[in-house]
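S.K.: Structural data only, the sequence is not supplied:
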């Protein structure tokens, strides 16, 4: 089966600019996750979708980050405006349902200048 | 709240050496426990899992046993190979409805030929 697809792989922007990431989960997976992985740390959950509804966004900085999952398939994560501390790898993952193991994409490495 | 603590790395071993990476957790309920591996330039992959006390997860020669009495889930392998060089993440997922996954900080393993 095809894995979780993410794009772009790399992105460099200046602070205060905006950026968007895209994720296409494995077909049939109801649950989709966005994680932020800062260098040297483990992934931190930003938002979790069940189909097209939000299950958990308690750690999403809502003043600058937003995410949507239209039609319960693809998802986009946006940062506007970006800050230096947003430099990280943004990982998307999906699972059949919330109780099943997650499958991760290769991530988008974001650098803020 | 729930948390995961891993031994700090990097861990450097010679090929065929015995590997142990320590992981302890704090959780209010009875979580599922996981080890994920991240090879250079790739996304995280599930290595093994255990869903209840005394369960042993195993895969690719790696093993970990869910120890409720010591709240631990240490990763072991009897004979490491150069190809095992990667970052290993211990994680827990609460099973109380949210199924939120919390990751440790990761332990980098270098295996020398």
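M.R.: Nice, thanks for sending it over. Since the structure is predicted, the reported quantities are computational estimates derived from the model, not experimental observations. Numbers count the residues shown, from 1 in each chain, chains lettered A, B, ... in the order given.

S.K.: and residue B:95, what does it touch?
M.R.: Residues near residue B:95 by C-beta atoms under 8 Å, 6 or more residues apart in numbering or on different chains: A:99, B:29, B:30, B:31, B:32, B:51. C-beta here means a position set from N, CA and C on the backbone, and glycine is covered the same way.

S.K.: Confirm for me that residue B:74 is in contact with residue B:19.
M.R.: No. Here residue B:74 lies out of contact with residue B:19, judged by C-beta atoms under 8 Å, at a distance of 10.1 Å.

S.K.: could I get the contacts of residue B:95 as TSV with neighbour count and distance to residue B:66?
M.R.: Listed next are these as TSV, based on neighbours: other C-beta atoms under 10 Å in any protein chain shown; distance: C-beta to C-beta, whole Å:
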residue	neighbour count	distance to residue B:66
A:99	12	16
B:29	10	14
B:30	13	10
B:31	27	9
B:32	21	9
B:51	15	8
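
S.K.: could you dump these to a markdown table with secondary structure, distance to residue A:68 and pLDDT?
M.R.: Converted to a markdown table, those look like this (DSSP: H, G, I helix; E, B strand; the rest coil; distance: C-beta to C-beta, whole Å; pLDDT from 0 to 100):
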| residue | secondary structure | distance to residue A:68 | pLDDT |
| --- | --- | --- | --- |
| A:99 | coil | 24 | 79 |
| B:29 | coil | 31 | 81 |
| B:30 | coil | 33 | 85 |
| B:31 | coil | 29 | 91 |
| B:32 | strand | 28 | 92 |
| B:51 | coil | 32 | 92 |
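
S.K.: now those residues in CSV, with distance to residue A:45?
M.R.: Shown next, in CSV, are these (distance: C-beta to C-beta, whole Å):
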residue, distance to residue A:45
A:99, 16
B:29, 17
B:30, 20
B:31, 14
B:32, 15
B:51, 20
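
S.K.: Of all the residues in stretch A:11-28, which ones are buried?
M.R.: Buried residues in stretch A:11-28, counting neighbours by 16 or more other C-beta atoms under 10 Å in any protein chain shown, are found at A:11, A:13, A:19, A:21, A:23, A:24, A:25, A:26.

S.K.: buried ones in stretch A:50-63?
M.R.: Quick answer for stretch A:50-63 (16+ other C-beta under 10 Å): A:50, A:55, A:56, A:57, A:60.

S.K.: Next, the distance between the ends of stretch A:42-60.
M.R.: 16 Å (C-alpha to C-alpha, to the nearest Å).
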